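A.B. asks: curious how this folds, go ahead:
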Amino acid sequence: MNTPSHLVVNLALLGRAASPRNGRWIAGGALLPDAPMLGFYVWQRIVLDQDEAHIWGTAYFEPFWQTLFDVFHSALLFAALALLALALRRPRVPWLCASVLLHCLGDAFLHREDGHHHLWPLSNWRYQSPVSYWDPAHHGALGAGIETLAVIASAVALWSVAGRRSRVALLLLGAASAGGWLAMYGPSWGR
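C.D. replies: Residues are numbered from 1 along each chain as shown. Sure, this is the predicted structure:
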């Protein structure tokens with residue numbers, strides 16, 4: 001899934017159960033797993049001046065980067081952190097961890113060969129979904145469509161509790177998701 005999609009979906013699914021003070025923790029947990037990828041992309045594109053094909057076709061799969069991505073997508077590590085936080089009576093940290101775990105679940109169902117080792121460090125097993133959120137060779141139109149519908153449904157669910165600025169952000173994210181799907185798959189959907 002695209003990182004902004006995780007933010008909207010996680011806030012819609014977890015935010016209603018949480019107090020408003022926990023919204024930032026949920027948002028942080030939605031974004032945290034992909035934070036190393038932002039650093040990776042800046043390093044590869046700006047510092048090393050690599051082209052997109054090299055970045056996503058070669059560098060992304062290098063062992064160092066894969067391990068770093070796996071640490072931040074480890075369901076085991078964040079489940080353990082949630083339990084530790086509960087034991088230490090840190091009530092907000094479990095919301096961050098729950099959001100990370102929800103992020104991992106979304107990724108598991110929409111990533112194929114670019115997926116993560118969610119059971120790291122105990123296992124290098126990687127679930128390869130038959131549906132990709134981006135790759136047309138693996139039902140990318142369907143995966144991106146599911147993601148787009150989830151973003152729009154989440155934006156609608158959040159609308160009534162969102163302030164004016166948040167509503168603008170929800171509109172922009174929904175429009176970007178739908179526009180991205182149309183730009184990528186719209187003309188070829190019927191073929």
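A.B. asks: pLDDT on the longest helix seen in the chain, on average?
C.D. replies: Longest helix in the chain by number of residues (criterion: DSSP state H): helix 164-185. Helix 164-185 shows a mean pLDDT of 83.
A.B. asks: give me phi/psi at residue 78?
C.D. replies: With angles defined as degrees, to the nearest 10, residue 78 sits at phi -80, psi -30.
A.B. asks: for it, give me its contacts.
C.D. replies: 97, 100-101, 104 (CB atoms under 8 Å, 6 or more residues apart in numbering). In this view, the C-beta of every residue, glycine as well, is placed from N, C-alpha and C.
A.B. asks: what are the contacting residues of the worst-scoring helix or strand of the chain on mean pLDDT?
C.D. replies: Taking mean pLDDT, DSSP states H and E as the measure, the helix or strand of the chain with the lowest value is helix 164-185, at a mean of 83. When contacts are defined by CB under 8 Å, 6+ apart, helix 164-185 is touched by residues 2, 4-5, 7-8, 134, 136, 140-141, 144-145, 147-148, 151-152, 155, 158-159, 162.
A.B. asks: got a list of contacts for the helix or strand hosting residue 26?
C.D. replies: Using DSSP states H and E, residue 26 sits in helix 23-31. Residues outside helix 23-31 that contact it (CB under 8 Å, 6+ apart) are 3, 6-7, 9-11, 14-15, 18, 92-93, 95-100, 102-103.
A.B. asks: filter the residues you listed down to the buried ones, ChimeraX style.
C.D. replies: Only the buried entries of the contacts of helix 23-31 go into this ChimeraX selection, using 16 or more other CB atoms under 10 Å:
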select :6,7,9,10,11,14,15,18,92,93,95,96,97,98,99,100,102,103
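A.B. asks: in helices, which of the contacts of helix 23-31 appear?
C.D. replies: 3, 6-7, 9-11, 14, 93, 95-100, 102-103.
A.B. asks: tell me which of the residues you listed is nearest to residue 126?
C.D. replies: Of all the ones in helices among the contacts of helix 23-31, residue 126 sits closest to residue 103, with 16.1 Å by CB to CB.
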